[in-house]
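J.: Structure for this input, please:
(one chain, ligands or ions: 1)
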Amino acid sequence: MKRPIRKAVFPVGGLGTRFLPATKAMPKEMLPVVDKPLIEYAVEEAKAAGIEEFVFVTGRGKSAIEDHFDHSWELETSLYQRGKTELLEASRASLLKPGQVAYTRQQEPLGLGHAVWCARRIVGDEPFAVLLADDLVMADEPCLSQMVEVYNETGGNIVAVMDVPEDQTDRYGILDVVSEEGRLAKAKGLVEKPKPAEAPSTLSIIGRYILQPEVMRELDRQDTGAGGEIQLTDAMSRTIESVPFHGLRFDGQRFDCGSKEGFLEAQIAFALQREDLGEAMADILSRYGESARLVAS
Ligand code: G1P
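T.: Here you go, the predicted model:
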């Protein structure tokens, strides 16, 4: 029996400069896809995978995230008094139970590995998950649940992976694959954001990880890598000889909500799936279809 994954780390300290001015006074993780903030999708995915403790690595200007997962008494009282039960439920859906949530701050932007390391005392000596809210995954079975299922067989470190176009390897952590079996790729190395000519493959890490405590111990070294930052990819790579490492080609569609194009596409895809909005979105798309063709030509 593998040690269960009970804790998840959400690095939410990033500045979100790509979405300025929207993110000047609001965390990028609070940007909504349809009507739900990105971070809530990630937390729901973690809950579905059996996570019991939620650790947010925040930073200055991120307190809206803490408020979001707490009661909003004025709002709830007002909705209750007006008999708006559905909205009241929607507002309460994001509540995390007392003691189930912890916030710590990354005081300097030293990289993803550093952000995860900031959670080391809260995580302690056990395996844990990491979810990057920018990577939004639409799937019948949530992405992290698919990974936990695999983890229960393989143990070790597991990341969600997908092939990306060759000219985009410098945006991702890339796997050096030894063998593939079904949806699982076994790696012998990892490279953070290699140039296309130097990339060992096009199999890229997207923001879902199941990690062993050994990775946290590697992060203790505080070694810097690509871009002068402390990289999570490098810490995983250094444990690859002693800890099994697999990439899972998850079932589902990933939207890169750290980019404007991916964020806009997510709005459309998620709206189309909604009972209350699907038809309206399909109608909007058909009305804009002609002008879209003109822009494209
Ligand atoms: C981070 C990781 C990278 C991973 C990516 C997934 O990069 O460093 O290995 O492929 O997330 O979204 P970032 O997007 O923070 O630059």
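
J.: I'd like to know how many residues surround the closest residue to the ligand within the stretch 151-297 of the chain.
T.: Using CB to the nearest ligand atom, the single residue of the stretch 151-297 of the chain nearest to the ligand is residue 173, 2.6 Å away. C-beta here means a position set from N, CA and C on the backbone, and glycine is covered the same way. Residues near residue 173, counting by other CB atoms under 10 Å, number 27.

J.: contacting residues around it?
T.: 159, 190-193, 204-205, 231-233 (CB atoms under 8 Å, 6 or more residues apart in numbering).

J.: Contact residues of the stretch 1-150 of the chain facing the ligand?
T.: By CB under 6 Å from any ligand atom, the residues of the stretch 1-150 of the chain that approach the ligand are 112, 132, 135.

J.: can you rerun that using 5 Å?
T.: Counting by CB under 5 Å from any ligand atom, the stretch 1-150 of the chain comes close to the ligand at 112, 135.

J.: mind listing the helices for the stretch 1-150 of the chain?
T.: All helices of the stretch 1-150 of the chain, identified by DSSP state H, counting those that start in this stretch, fall at 38-48, 63-68, 73-81, 85-92, 112-117, 120-123, 143-154.

J.: so can I have TSV of the ones you listed showing mean neighbour count, mean pLDDT and distance to residue 199?
T.: Below are the helices of the stretch 1-150 of the chain laid out as TSV (neighbours: other CB atoms under 10 Å; pLDDT from 0 to 100; distance: least, CB to CB, whole Å):
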stretch	mean neighbour count	mean pLDDT	distance to residue 199
helix 38-48	21	97	27
helix 63-68	15	94	34
helix 73-81	12	92	48
helix 85-92	13	90	43
helix 112-117	25	97	19
helix 120-123	16	97	30
helix 143-154	19	97	23
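
J.: To residue 267, which of these lies closest?
T.: helix 38-48 (11.4 Å; CB to CB).

J.: Remind me what the closest one packs against, helices and strands.
T.: strand 7-11, helix 63-68, strand 128-131, strand 135-138, helix 143-154 (3 or more CB pairs under 8 Å, 6 or more residues apart in numbering; DSSP states H and E).

J.: circling back: buried ones among the contacts of residue 173?
T.: 159, 190-193, 204-205, 231-233 (16 or more other CB atoms under 10 Å).

J.: Tell me which ones among the residues you listed also neighbour the ligand, please.
T.: Filtering those for proximity to the ligand by CB under 5 Å from any ligand atom leaves 205, 233.

J.: unless I'm mixing things up, residue 106 is touching residue 56, no?
T.: No - the criterion here is CB atoms under 8 Å, and residue 106 misses it with residue 56 at 10.2 Å.

J.: quick check, nearest of the buried ones among the contacts of residue 173 to residue 182?
T.: residue 159 (16.1 Å).

J.: Can you tell me the element that closest one falls in?
T.: Using DSSP states H and E, residue 159 falls within strand 157-163.

J.: That strand to helix 143-154, inter-axis angle?
T.: Counting by axes from the mean of the first three to the mean of the last three CA atoms, to 10 degrees, strand 157-163 lies at 120 degrees to helix 143-154.

J.: ok now strand 157-163, how far from the chain's centre?
T.: Strand 157-163 has its C-alpha centroid displaced from the chain centroid by 12 Å (CA atoms, centre = their mean, to the nearest Å).

J.: List the pairing partners of it within its sheet, with orientation.
T.: strand 203-211 (antiparallel), strand 245-249 (parallel) (DSSP bridges).

J.: Tell me which of the ones you listed is the most buried.
T.: Most buried of these, by mean neighbour count (mean count of other CB atoms under 10 Å): strand 203-211, with a mean of 24.

J.: For that one, output the C-alpha coordinates as CSV.
T.: Coordinates of each C-alpha in strand 203-211 appear next as CSV, following Å, rounded to 0.1, in the frame of the first residue of the first chain:
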residue,chain,number,x,y,z
LEU,A,203,6.5,15.5,-23.8
SER,A,204,5.8,18.4,-21.4
ILE,A,205,4.9,18.7,-17.8
ILE,A,206,1.6,20.5,-17.1
GLY,A,207,0.8,21.8,-13.7
ARG,A,208,-0.1,18.6,-11.8
TYR,A,209,2.4,16.8,-9.6
ILE,A,210,2.5,13.9,-7.1
LEU,A,211,5.8,14.2,-5.2
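
J.: what about that strand, distance to the chain center?
T.: 9 Å.

J.: quick one: is the helix or strand following that strand near the ligand?
T.: Per DSSP H and E, the first helix or strand lying C-terminal to strand 203-211 is helix 213-219. No - for helix 213-219, no contact with the ligand is found by CB under 5 Å from any ligand atom; the gap never falls below 12.9 Å.
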